[in-house]
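**Student:** Kindly return the folded structure for what I paste below:
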Amino acid sequence: KNVFIMLHVLGDVPRESYRQNVYIGYNEWYLDTLSIIKQIPDVNWIIKDHPFSDMYGQGDYVRAVFEENKTSNMYWCDKTISGMQIKEAADCVITCAGDVGIEYWAYGIPTITLAETYYYEQGISYHMNSRKEYEHVLRHLEGLERPAPESMQRARNYLDAYKNEQERYYAFTNLM
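**Tutor:** Model prediction:
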């Protein structure tokens, strides 16, 4: 299995609107995830830094932490790799609370989230409620089923609505 771990901007606080977060912060999540996956050799773990990490000054840090924890089945994903390329290679995507959780689900790729995202109550993502549950799922990824077609469609509907809202927002701000 090829599992992509999609990092957040580590300095961000997990979205306050989320009622439940397994981790206090994204850096804690990153460090603990590395600690867990180092012990799971039968998966290709691929770490992808956030596209804006250099702007936020975290690029060197996350890469250094990765290199310190790297095992033979852990890989760094270059920032030039697109989401569409990841879609072709991913068997699963992990995010603490990112929008990639809904995006890849819409493509039929199981996603794992660790916060009560705006989409999890719609059956979009495998939502983890505890660190213990998270570790168990990472150790047993073969049990993750691909999203059901109706769930994938729900994710696409959310994404279409979000895109339309963004287009309206930018059209409005350009009028000002």
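**Student:** For the protein, which segments count as strands?
**Tutor:** Remark: strands assigned in the chain by DSSP state E are 2-6, 44-48, 74-77, 92-94, 111-113, 126-127.
**Student:** and the second one, C-alpha only, in CSV?
**Tutor:** I take that to be strand 44-48. Below are the C-alpha coordinates for strand 44-48, written out as CSV (Å, rounded to 0.1, in the frame of the first residue of the first chain):
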residue,chain,number,x,y,z
ASN,A,44,5.1,2.7,1.8
TRP,A,45,4.7,5.8,3.9
ILE,A,46,5.0,8.9,1.7
ILE,A,47,5.2,12.3,3.5
LYS,A,48,4.1,15.4,1.6
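**Student:** Centre of the chain to it, how far?
**Tutor:** How far strand 44-48 lies from its chain's middle: 11 Å, per Cα atoms, centre = their mean, to the nearest Å.
**Student:** so where's the chain shaky on pLDDT?
**Tutor:** Within the chain, the ranges that satisfy pLDDT under 70 run 11-20, 169, 172, 174-176.
**Student:** who touches the residue most central in space within it in this structure?
**Tutor:** For the chain, the residue nearest the mean C-alpha position is residue 95 (2.2 Å; Cα atoms, centre = their mean). Neighbouring residues of residue 95 by Cβ atoms under 8 Å, 6 or more residues apart in numbering: 5, 6, 8, 101, 111, 112, 113, 114. Where C-beta positions appear, they are placed from N, C-alpha and C, glycine not excepted.
**Student:** Please report how far the first one lies from residue 40.
**Tutor:** Residue 5 sits at a distance of 12 Å from residue 40 (criterion: Cβ to Cβ, to the nearest Å).
**Student:** okay, these two: which has more neighbours?
**Tutor:** Using other Cβ atoms under 10 Å, the more surrounded residue of residue 5 and residue 40 is residue 5, with 24 against 17.
**Student:** quick one, helices of this structure?
**Tutor:** In the chain, the segments counted as helices under DSSP state H are 26-37, 59-69, 83-89, 100-106, 131-139, 149-175.
**Student:** centre of the chain versus the fourth one, how much separation?
**Tutor:** Put plainly, it is helix 100-106. 9 Å.
**Student:** Next: the second one.
**Tutor:** Distance, stretch centre to chain centre, for helix 59-69: 18 Å (Cα atoms, centre = their mean).
**Student:** All set now, cheers.
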